[in-house]
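Asker: Sequence first, predicted coordinates after that:
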Amino acid sequence: MDDDRPRQLIRQKLGAGRLPRSRARDVRVVLGDGQLCDGCEQPIGPKVQVVWAIQNNKTGLPIQLHEHCFRIWEAERNVLA
């Protein structure tokens, strides 16, 4: 996966408050079921790709990310902290 597009989207979403800036408290790793990644907006392949499910402290809703997008989110979130 090319870093540029997901990184841009994740930065925009962090800036707009659509992704949390705070450290993830509750992270679950499960197999994908075709849902869209909240980072890059691409499908998370069923039974192939891992989903990093993070509880959004602000909304209480889960955030689902590809493993790659989770790592980008962590790095970008730390830059803003």
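Answerer: Structure's in. What do you need? Residues are numbered from 1 along each chain as shown.
Asker: secondary structure class for residue 14?
Answerer: Here residue 14 is helix, with the state taken from DSSP: H, G, I helix; E, B strand; the rest coil.
Asker: The strand or helix carrying residue 51: partners in the sheet, and parallel or antiparallel?
Answerer: Assigned by DSSP states H and E, residue 51 falls within strand 50-55. If you go by DSSP bridges, strand 50-55 pairs up with strand 27-31 (antiparallel), strand 62-66 (antiparallel).
Asker: quick one: buried residues of the last one?
Answerer: When neighbours are counted by 16 or more other CB atoms under 10 Å, the buried residues of strand 62-66 are found to be 63, 64, 65, 66. For glycine as for every other residue, the C-beta is placed from the backbone atoms N, C-alpha and C.
Asker: Looking at those, which one is closest to residue 26?
Answerer: residue 63 (10.6 Å; CB to CB).
Asker: which residues does that closest one bridge with?
Answerer: residue 54.
Asker: got a list of what residue 76 touches?
Answerer: 7, 10, 11, 14 (CB atoms under 8 Å, 6 or more residues apart in numbering).
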